[in-house]
Structures are given as structure tokens and as C-alpha cells.
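Visitor: Provided below are the primary sequence and the corresponding predicted coordinates.
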There are 2 protein chains.
Amino acid sequence: MMRTRPLKVALLGCGVVGSEVARIMTTQAADLAARIGAPVELAGVAVRRPDRVREGIAPELVTTDATALVKRGDLDVVVEVIGGIEPARTLITTAFAHGASVVSANKALLAQDGAALHAAAEEHGKDLYYEAAVAGAIPLIRPLRESLAGDKVNRVLGIVNGTTNFILDKMDSTGAGYQEALDEATALGYAEADPTADVEGFDAAAKAAILAGIAFHTRVRLDDVHREGMTEVTAADFASAREMGCTIKLLAICERAADGGSVTARVHPAMIPLIHPLASVRGAYNAVFVESDAAGQLMFYGPGAGGAPTASAVLGDLVAVCRNRLSQTTGPGESAYAALPVSPMGEVVTRYHISLDVADKPGVLAQVATVFAERGVSIDTVRQQGKDGEASLVVVTHRASDAALDGTVDALRKLDTVRGVASIMRVEGE
Amino acid sequence: MMRTRPLKVALLGCGVVGSEVARIMTTQAADLAARIGAPVELAGVAVRRPDRVREGIAPELVTTDATALVKRGDLDVVVEVIGGIEPARTLITTAFAHGASVVSANKALLAQDGAALHAAAEEHGKDLYYEAAVAGAIPLIRPLRESLAGDKVNRVLGIVNGTTNFILDKMDSTGAGYQEALDEATALGYAEADPTADVEGFDAAAKAAILAGIAFHTRVRLDDVHREGMTEVTAADFASAREMGCTIKLLAICERAADGGSVTARVHPAMIPLIHPLASVRGAYNAVFVESDAAGQLMFYGPGAGGAPTASAVLGDLVAVCRNRLSQTTGPGESAYAALPVSPMGEVVTRYHISLDVADKPGVLAQVATVFAERGVSIDTVRQQGKDGEASLVVVTHRASDAALDGTVDALRKLDTVRGVASIMRVEGE
């Protein structure tokens, strides 16, 4: 049942991802048409620099006026791969108002304004799909939203930023320091000239907000996500991790509280056991664990970024949205009915690995242990190493709240015998 | 926008999976209603033994007359978790004819009669969903059908049978023989009293047929799948594998030929490198690699069987089908437009590990090597071990067709100096 009128698709942005989307739309046109039930036609491409040659894209399709493009009124789908907040946000809402559905890869925008964009889509009876916004080619949003729609997700735990995973993997495997590993990532094109969004965890936090929102049927905004970057992870931290049979990963963790009444979302470096499947995720790959009541533990693994992988996710959404257009329906929109409160970081419960520089004299361990006990933080193991009148004390705790741990560390700092807190790192995945 | 009339769901079968589906429909009723947009109601449960007590299911819902149940005419969805060909097939087509959509977990039926069932669903404008038929809780059919709908899948390679993976994992980790490992699997409930469907690869072959069909948009029937069981894998094979840095897994492999013009599907034990992610899939877990043009390598991992995990997949489909009912549409049906020919096993190209018992005298290696060369099978490595006038010769080939390898082995058997072919195993995942 093939329609003759093609579905018209406009592309906003024609960089690494956009050019791959355009290429696949052209080279795989027959397959896409068969899978959708109608041909798809590239109706326009909005770019900033129109003079750049774009292989395979007819010059007359290229425009610098993105606003006029999304206002044309004859578009079926607008694919937004510009990134950033503006003008992407205004272009998307304008597209809805002028009759198009939208496929976006824009994690920052979705994490900040997902609710408003979903509301705009619903107001106009249009689709908003964004599988490519989280973990590139890895199907994650559709499985969470659809495959697990009859299950209760309790935790999402994953490596969702390839740049930082590349850096941490390099530090782990070569013993390099952070700066050295970052320099290599930059030289190889895995890190941008300004790596802040990646290494400070902003990128992963945006993805955590999106994943938590879908997993828990609750609005979770970027501001709700506790965020710590990985710029202070040292070679010494990796040595400590290895002594515990662990490595260090930058993790995005979205959890339902044990009582089910609230959720948390956070991004920070953490120790994770070497036997955990996430520990062996190498280079710039991404992997996400999902734990739910009925399904148990699922893992999704693949390339988390790059032009072609991201385009694969965009095109999967494009096919779905086009099918919806043909059957005059829309897919599942925002599901935020649970409206659970998002708890602050202080309520997160996990284990901690703490390195203290202490005076090497009798009674120090007793003092330190008392501080932990007074705040209800139970110690799992403690290891003391002396060296020239100074000593280091490595404490690994049982599960405790972040607030209790913070209080403990503050009190430790006040002890005469504690010269400094060398590092504090959470231990996850056990 | 909550409808008041509930969607009516009938359950065919109330065993390990069905009872979990019923339990979750009851305990998670409010969440399911919120996600679907209308409440769902268990309208009837067809069972063989009505006298068995079923906690949480009202006795008046239970019937032994499955045919009358699916003919009621007021059902929205029929969930089929009986398994087997009949009466499941007739009940499903009867359900379509009487106005219901169908969610099934029936791999054997889908692999044998998927095309006819899809045709019946389409004829009546109904949905046929079956995520639970392959790899239990792991989202695989939806990602292949929808997330990768804009990509070109070239290979699906996976562990899709938990029973055999448990047995092989046990053999690998303890050095146990096949029978000993099978006995333990049976004692622990991982293997059925008659393990034939699992250990002879029938179960995995059905899943391979379903996966290949969806991945390549081509009808692939159970009969098209080359199938070898794993009952002849020995402790010696594991020792050989380990010498190569490999382990042995029962793999389902669906491939597009290099020229793109045909596909193959097969199930057999194979050596796989220890560094390959599939090598570390333990116990009864399943994991599937998907390789596509744009996305690259994706992996999906999780529990491949069990009541609750399978119910999770069934309920995800149930939510999707109910949403479709409410918006008076249907999801993507069968996609077999590519209609690629399914090539016989002889055209499969892979590497081989061959153990020969040979006479320990000069010239044997030259003879053997000549046989390989004459049939165009290139040797990668060869290792000779002498013992008391006899010797074993282990040959690992480069990639060659199965037909060429078969011819080579036939010719080797005819050599005076070859006393026997101890084992032949394919090497995958490199």
C-alpha cells in the first residue's frame, strides 16, 4: 500500500550527524520507502554556512533561513540536529505549529525543556521523538518507553559519555594522568577543543535527566541532577580502585528510592567492580544497565556518539514518525503521571571509598572510627599504611546516605590527627 | 484523557509466564492504566487444569474452553502463552477473526507460521506482537523492527538459549563433561526433563528464524535455519578452545551475504574469543549482538527466560497493543518486502578449527596441507602434537565456505595417514 505523495522531511543542521542523515536518506531511499509505506523526500536543509559543498545534497535545497523552512507548512517531519537551546527550541515549536512532527538529537534542550516541548507537540497533535539524544545508536529511549512499559524500572546505571569513558579507560590501562589522557582524546578527536561539557559531566547529566524522566514517568530536569565531573580523578585513585578489584567510570545513575516514593538522578565518577559488565566497556563506547521488577537486569551496549551511529537512531525515529503520519496517529508522548519528587543528593544511599592522610600514631584509627560511628556510617573495611611519621587510612563504608557521609567527612577534617582528606569516591554496581 | 471502559484482555495459559502476567496486571493496574490511557481488565483465563488454585485470579474468570473465550467478541487483546503449534495457532487466528489483537510468546509457532499469522492479523486489521518469543525480557524485536528501521542490519549473532548457555558455561568453568553439566542444569531447573528442544538447538533455531526475518525484511522459516545441537561438545573441545584463547557457545547467527543478495541463518556450537563480549555471558543469561551499517555494533543482554522476565516482555507488548487499540491504529506488521533468498549452509563463510588424529610420521603434514590447498581452504595456523606413534594435528583455517570445508574434510578422511577427524568447530566473532 504505497502512497505516491512522498513525505517531506526538512533537516536543521548538516554537520557530522545531519550529513549522515541526508546520505542515508538518499542511498537507502528504496528501503526507507518500503519500511514506511511511502517515499520520503528531503525537502530542505538549513545550514549556517551555505557555501560549503555538501555531497549528495542538491544546492537548491540548502538555505540559511531555518525559520522560513519550518514555516513552509508542507513538511511532514523536521529533523533537528543543530544542538543547543536556541534557535533549536524556537524552531521545534514553530515546526509543530506549522504542522510537522519533530525528530531531535538535542539532549541539552530535551533535558532543560522536555516538558514544554512535549506539551507543544501534544497541543498540535504531533510527534516528538529523540532516541538519538541519549547514547547515540543504542536503542534506549524506545525500550524504556515501550518495551518496559508494563514493568517497573528501579534503576538506570550507565556510561553515557564516550569522551570521558575514553579518558578514564586510557588512565586505567596506561597509568596516565588526567591531563595526558585528555590530550590524547583531543588529538584523536574524541574530545572537543573545549571539553567542559563532557569532563564536567554536563552532557551525561542531560542524558540522566532524560532517562530518569522516562524510566520513572516523572519530570526530571537538568537542575535536578546532581553532577560531579571527572577532572579530579587521579592515577592514585585508579591504584586505590585496583586494590579493591575495581576500576573507575563516570556513571549516570537514576534510582527509585527503596520505599518507591521518590527518585534521584546523579552523575559522578565512581568505583565499580571489575567483574561488573560496565567495567569492561572500553574506549568511547556507551553501555547502560536497566534494572526492573520483572525483567531483572538488562544491558544495552554500543557506540554512544559519532555521525553514522547517531544518524541510525535519528532515522529509526524518522521511520516511526512517518508511519504515524501515514496512519494519522502519534506515538506515546510524555509520560509523567507518576510525578514522583526528585530527592536531593543527600538522600542517595551508596558505599564510599575514603582516603585520609593521618598522623602515624596510636589512637588515630579509634578516633576516626568513632567519627564514623557517631554519624551512623558503618565501616566495611579499613586499611592503614604508614610512611615516615605519616600514614594513610583507606576506609570503605557500608551503604550510607550522602548526607551522613558529608557530615562524617566534615567531622574528620576537624580532627587534629587527620591531615587531609585525599579522596572520596562512591562505590557502585555491587 | 482516561477512558472509562476498560480494555478487556484474555489470557491463554496460566503457567510460569501466564501467572506472572496476571499477577502484574493486578498489582500494577494503576500504572498500566496510566501508561495506556485506559484501565485493562483480565476478562478470562483459559487453562487445562481448572481445579488448580491460582492466587489473585477470580475463579469465575477461569475456563477450560479457550475457543469459546477467544470467540467472545468483546476482547481487545488475547495473550497467548500456551506455546506449541496447536491449539495456539487456531486460537490466535480465531481471536483475530473475532476482533482481538494478539500478544504471543510462542517462538515455535512464529518461526513456523509467522507469515500466515501476520497475514491473518493484517486481514482483520489487528496487531500481532511477540517480543517475548525471543530472548525473554531482552528488548530485541522492537529495537530491530523500530529503532533500526532506518538502518541496514548485516548480522545478528547471539546466545538465545539459556539452558545450553548454562551447560556450556558449567563445562567451561568446571571442566565437567556434557552429561554431568546437563544433569546439574536439570537438577537446578534450568533444563527440562526432556532437554531435546534446547540441547539440539530447535529452540535457538526458532529464535534465529524470527530474528533473521525481522532483521533482513525477508521471510525466514524454521526449515531455512541450519541447526546443529551441542550434545557432542566435549571437555576436550573446551581445552582446544582455551588453547586458542576462546570458549565455546551455542550461537544463533543470521547474516547478510557480503554481496547483499542473500541471507543465511544457522545455529551451532562455535568457538568465540574470550575477549568477545559474548564469551563472558554466564549462566542462563542471553545476549545478542546486532551489526548494522550505520549503528555499528550493538549488544543487548539480559535474562532470556523465566516467568517474570518473559512477563515483562509480554506486558510491554500488551501496553503497546492497547495504545494502538485506543488510537484505532496498528503497529508495524510483517516487513518482508526485501524477499532475499535464504542460502544453504554450504554458502556460509567462516573460520574452522579442525582436530585430526594422524599417523606420527614424516610427510603427513604435507599431505594434509595439500588437501586444504586443493579445495581453496587457506590455513591460518597448524599445531602438531605427537604421542606414541600417533599424533594430533590441529588446523585453524582462514575464512572459507562451509561447502569447501565439507569437501576438505571428506578428502582428509580418505587419506591413509588420517586415522580420524576428532572434531570440527566453527570459529566466530572475530
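Guide: Good, I have the coordinates. Residues are numbered from 1 along each chain as shown, chains lettered A, B, ... in the order given.

Visitor: Okay, and A:Val396 sits in which element?
Guide: Following DSSP states H and E, one finds A:Val396 within strand A:390-397.

Visitor: Same check on A:Ile424?
Guide: strand A:418-427.

Visitor: Okay, angle between that strand and strand A:390-397 too, please.
Guide: 30 degrees (axes from the mean of the first three to the mean of the last three Cα atoms, to 10 degrees).

Visitor: Mind listing what's buried along strand A:418-427?
Guide: Using 16 or more other Cβ atoms under 10 Å in any protein chain shown as the test for burial, strand A:418-427 gives A:Val418, A:Ala422, A:Ser423, A:Met425, A:Arg426, A:Val427. C-betas here are computed from N, CA, C, even on glycine.

Visitor: contacting residues for A:Ile253?
Guide: Taking Cβ atoms under 8 Å, 6 or more residues apart in numbering or on different chains as the contact definition, A:Ile253 lies against A:Arg155, A:Val156, A:Leu157, A:Ala208, A:Thr264, A:Ala265, A:Arg266, A:Val267, A:Ala270, A:Glu428.

Visitor: no wait, A:Ala149
Guide: A:Pro332, B:Arg35, B:Leu315, B:Gly316, B:Val319, B:Ala320.

Visitor: next one: A:Pro139
Guide: A:Glu131, A:Phe300, A:Ala313, A:Gly316, B:Pro139, B:Arg142, B:Pro143, B:Ser147, B:Leu148, B:Leu298.

Visitor: Dump these to a markdown table, plus secondary structure, distance to B:Ala336 and pLDDT.
Guide: Output for those, formatted as a markdown table (DSSP: H, G, I helix; E, B strand; the rest coil; distance: Cβ to Cβ, whole Å; pLDDT from 0 to 100):
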| residue | secondary structure | distance to B:Ala336 | pLDDT |
| --- | --- | --- | --- |
| A:Glu131 | helix | 25 | 97 |
| A:Phe300 | strand | 27 | 97 |
| A:Ala313 | helix | 24 | 98 |
| A:Gly316 | helix | 19 | 98 |
| B:Pro139 | coil | 22 | 97 |
| B:Arg142 | helix | 18 | 96 |
| B:Pro143 | helix | 19 | 97 |
| B:Ser147 | helix | 19 | 96 |
| B:Leu148 | coil | 16 | 97 |
| B:Leu298 | strand | 23 | 97 |
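
Visitor: Among those, which one lies nearest to B:Gln384?
Guide: Distance to B:Gln384 across these (Cβ to Cβ) is lowest for B:Leu298, with 40.8 Å.

Visitor: For the closest residue to the closest one other than its chain neighbours, list each beta-bridge partner.
Guide: In space, and not counting its chain neighbours, B:Leu298 is closest to A:Gly302: 3.9 Å by Cβ to Cβ, 6 or more residues apart in numbering or on different chains. Under the criterion DSSP bridges, A:Gly302 forms beta bridges with A:Asn286.

Visitor: distance of A:Gly302 from A:Asp259?
Guide: Distance, A:Gly302 to A:Asp259, by Cβ to Cβ, to the nearest Å: 34 Å.

Visitor: In terms of neighbours, single out the busier of those two.
Guide: Between A:Gly302 and A:Asp259, counting by other Cβ atoms under 10 Å in any protein chain shown, A:Gly302 is the more crowded of the two (26 against 6).

Visitor: List the residues that contact A:Val81.
Guide: A:Val81 makes contact with A:11-13, A:15, A:17-18, A:21, A:104-106, A:132, A:310, A:314, according to Cβ under 8 Å, 6+ apart.

Visitor: now do 7 Å
Guide: A:Leu12, A:Gly13, A:Val17, A:Gly18, A:Val21, A:Ala105, A:Val314 (Cβ atoms under 7 Å, 6 or more residues apart in numbering or on different chains).

Visitor: quick one, the helix or strand of chain A with the lowest mean pLDDT and strand A:390-397 angle?
Guide: Least confident helix or strand, chain A: strand A:379-387 with a mean of 87, by mean pLDDT, DSSP states H and E. Following the same axes, to 10 degrees, one obtains 170 degrees for the angle between strand A:379-387 and strand A:390-397.

Visitor: Next, the buried residues of strand A:379-387.
Guide: Result for strand A:379-387 [16+ other Cβ under 10 Å]: buried residues A:Val382.

Visitor: just to revisit the earlier point, out of the contacts of A:Pro139, who's nearest B:Glu123?
Guide: Of all the contacts of A:Pro139, B:Glu123 sits closest to B:Arg142, with 23.3 Å by Cβ to Cβ.

Visitor: count of residues packed around the closest one?
Guide: Around B:Arg142 there are 23 residues (other Cβ under 10 Å).
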